[in-house]
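> what would the 3D arrangement of this be:
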Amino acid sequence: MEQVLIITSSYDLPAAQELAPTLGEYRTYFFDPTLVDEIAKTSLKRPELLLWDDAPTYPELEHQAYVHVRQLEARIDTAMRPLLATYHPTLSLRGWQSLNLYYLMLGWQWYGGLWSSIAERLRDCHVHVLVCDNPANFYWPSFVPALLLIERLRTWNVPFSAVAYGERADESDVMMDLFGSVPEQYDVLTHLPTCFYDAPHFRAELAAAGSRIVNIEPKYWGMPMTPDLQVKMARLDHARLAHAGVPSLQEPGQQLLKLLHELLEPYIASSDYRARQAVHLAKLYQSQLASLFLLETYFGGMRPGRMLISDHDAGFHGPLLTYASRHRMPVYVLPHAKVSISSEFTFRNMTALTHVMQGRTVLDGNGRALRHMTLAYPEQLSLNTASAPLSRLGVLLSGLSLNGVPSTALRPYLDGLKEIEQWCRRHGVELAVRCRPGQSLFELITGSTDIARADLEAALRGSLGEFAQGVDVCLMYDAPTSAAIEFLRNGVPLLNPLPEALSTAEHLWSDAELIPRESLADTLRRLDAYVADTDLLDSFRRHQFARYAAGTAQARSLRSLL
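Okay, the predicted model is just below:
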C-alpha cells in the first residue's frame, strides 16, 4: 500500500520533514502553488502539486463564506440579545468575530471540496495527515483542514495516521488593560494594528496634529507608537473585573459556549475539536465584552473626542466601535496597506481614509456607502517628459494564495503569463516579471513559459523602485497591489489585466478608471496599439499621471482631521 504524506501549508513542512524519514518510500501531495519553490528545497520524496480543476472561483468562495458568516452572526446576535440587553438595551455582537468566522468559513469550503476532489487518488493509500493543533484564528493554520480530511478518510475507509504539531499559546482571553480610570482628558483614541508600512508617517502626522493621544495596543500586529498614554493588554480575570465594577460575564460566556458548540456542528464533526473551537470563540467574545465595559468605566465622562483605527480588526474593533457608536464618537478608519475593504460593522459615523488608488466605495455591514476621504501620503511625484517607445514590459505579480486557499486558479494564471511572453516575443519587446517577495513561483513560471529563472531572480534582487524605472509599461497582473503606487507616482504607465474575475474585496483595491482593468486579451490589444503608436502610449502615460497627481493634490492630511 502506497504511503502518502499530505501538506496543506508551509507550517506543515517542519513536521513533515521530521516524519518523512520514518515512512520509507512515500509520495508527497500538496495543493498550494506557492509551496512549489519551498518544497523543492526540502528532501521530501516525490512531491506532486494536485489541483482542484473544477473548484469554485475565489469570488464564489468569498461570497459563500460571507453568507455563512452573516447567518452565524445573525443567530448568535438573536440568541444573545435578551441576555445582553440586561447590560445595555442595544448591545449587538454583529461584526465582533466576522474576520475570524470568515477565514474559518473560507477554509471549510475550500478544504472540504478539495479533499472530495482527490478521493480516487487516496483509495489504495495509507495517508499521513499533519494536524496543526490549534483552533481557527484569523488566517493562521488550524486543525480544521486536517479534520475535514480525516472525516472523509473515515467515510471512504482509507487507512490513515495523524500527527499533531505546533500548538500555540492560548491568547483568547486577552483584553484591554483599562483597570482604574483615565488620568486626564485625551483628544484622540488610536488603535492601529498592521499599519507597518506607513507607521513613520502616521506617527509624524499624529505628532503634528498637536492632539493628546491615548493608544490602545492591539492583540496582534501592533506598530510602534509614541502616544501620550499607552494602554497595554491584560488577561481576563473575573475577580479583578468584579472589583472594577464590571458586571459578571460568566453567564454570557457559558451561553456563548453552548450556542457556538451547536452552531459549529455542521463545520466540525468531532465533538472534542468542535468544543475547542467553541471555547476559543466564546473566550474571544467574553474578553471583548470585558473590554467594552472597561472602556466605559475607564474613561467615564472624559471620553476622547475622536477615534482613529485601522481597517484590520485584530480583535478589539467590536468593543471599540460599539463604544464609539454608543457615545456618537466620530471614527476615522485608516487603511493598513493604503487601500481598504468594506466593514462588517454597521456603525454609520465612520469615515474611510484611503489612498487615491482606492477602487470601489467602501461599504458598511448593511451594504451602505461609508463617508470617504482621500488621505495624503508623503509621495514624490515625477514624470519624465520625454516620449519613449514600448521596448520593455514589466509584469507585477501579487499574492496567489493565503493559507493554502488560492485567490486565482493556477492554470489560467500561468496561461496568461505565457500569452504575455509570446506577445513580447512577437513584438520584439523585452519582458521583466517581478514576483511577490515570499511567493516566488519560480518553478511554476519557468516550467510553463520560456522565462528564465535568472531573469525572475534578477527582478527581485533590486528594489521595487528600480524595477519601475526599468520598464516602459507595467502590467499589474491579477489582483491589485499597493506596489502600484511606485509606478503611478513616477509616471510609468500601469494596466491591470485579469486572468480571472476579481472578488468583491479585490475590486476595492484599485480604481479601474485610474488603472484600466481589462481581460488579458483586451490589454494585449491595447498594447498592440501602444507599440504601433508611441504618441498614443505617451498620451495615456501623461493622462494617467495627471489623474493621479490631481487626486493626490486634493487629498487631506491626517493631521488636519485630528
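> and the closest residue to residue 45 other than its chain neighbours, what is it in contact with?
Excluding its sequence neighbours, the residue lying closest to residue 45 (CB to CB, 6 or more residues apart in numbering) is residue 26, at 5.7 Å. Using the backbone N, CA and C atoms, a C-beta is placed for each residue, glycine as well. When contacts are counted by CB atoms under 8 Å, 6 or more residues apart in numbering, residue 26 is found next to 2-5, 20, 45-46, 128.
> mind giving me the domain ranges of the protein?
Per the record, the chain has its domains at 2-50+118-165, 392-553, by automatic domain parsing.
> of all those domains, which one is nearest residue 315?
domain 2-50+118-165 (8.8 Å; CB to CB).
> mean confidence for the closest one?
For domain 2-50+118-165, mean pLDDT is 97.
> end-to-end on that domain?
24 Å (CA to CA, to the nearest Å).
> ok so, going back, the residue nearest to residue 45 and residue 4: what is the separation?
7 Å (CB to CB, to the nearest Å).
> give the residues shared as contacts by these two.
When CB under 8 Å, 6+ apart defines a contact, the residues bordering residue 26 and residue 4 alike are residue 128.
> closest one of the contacts of residue 26 to residue 393?
When those are ranked by distance to residue 393 (CB to CB), residue 46 comes first, at 37.2 Å.
> one step back: now tabulate the domains of the chain in JSON lines and tack on distance to residue 111.
Compiled in JSON lines, the domains of the chain are given as follows (distance: least, CB to CB, whole Å):
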{"stretch": "domain 2-50+118-165", "distance to residue 111": "4"}
{"stretch": "domain 392-553", "distance to residue 111": "8"}
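> between the ones you listed, which gets nearest to residue 385?
Nearest of these to residue 385, taken as CB to CB: domain 392-553 at 8.7 Å.
> who touches the worst-scoring helix or strand of the chain on mean pLDDT?
Taking mean pLDDT, DSSP states H and E as the measure, the helices and strands of the chain show their lowest mean at strand 401-402, namely a mean of 90. Here strand 401-402 makes contact (CB under 8 Å, 6+ apart) with 32-34, 139, 407, 439.
> now, which of those residues sits nearest residue 285?
Nearest to residue 285 among these is residue 139, at 19.5 Å by CB to CB.
> tell me which element that closest one falls in.
Residue 139 is part of no helix or strand, with elements assigned from DSSP states H and E.
> ok, now which ones touch it?
By CB under 8 Å, 6+ apart, the contact set of residue 139 is 103, 402-403.
> ok, now with 10 Å
Residues in contact with residue 139 (CB atoms under 10 Å, 6 or more residues apart in numbering) are 99-100, 102-104, 106-107, 402-405.
> select from the residues you listed the one having the most neighbours.
For the contacts of residue 139, neighbours were counted using other CB atoms under 10 Å, and residue 104 has the most, 27 neighbours in all.
> can you give me the buried ones in stretch 409-427?
Neighbour counts using 16 or more other CB atoms under 10 Å place 409-410, 413-414, 416-417, 419-421, 423-424, 427 of stretch 409-427 among the buried residues.
> list the buried ones in the helix ranked longest in the chain?
Secondary structure of the chain per DSSP state H: the longest helix is helix 271-299. Using 16+ other CB under 10 Å as the test for burial, helix 271-299 gives 273-299.
> return the distance of it from the chain's centre.
22 Å (CA atoms, centre = their mean, to the nearest Å).
> tell me the helix or strand right after that helix.
Counting by DSSP H and E, the element after helix 271-299 in chain order, helix or strand, is strand 306-310.
> show me what the helix or strand just after that following strand is packed up against.
On the C-terminal side of strand 306-310, the closest following helix or strand by DSSP H and E is helix 317-326. Packed against helix 317-326, as judged by 3 or more CB pairs under 10 Å, 6 or more residues apart in numbering; DSSP states H and E, are the following elements: helix 98-117, strand 174-176, strand 188-191, helix 271-299, strand 306-310, strand 331-334, strand 350-354.
> could you give the angle of the last one to strand 306-310?
It stands for strand 350-354. Interaxial angle, strand 350-354 versus strand 306-310 (axes from the mean of the first three to the mean of the last three CA atoms, to 10 degrees): 50 degrees.
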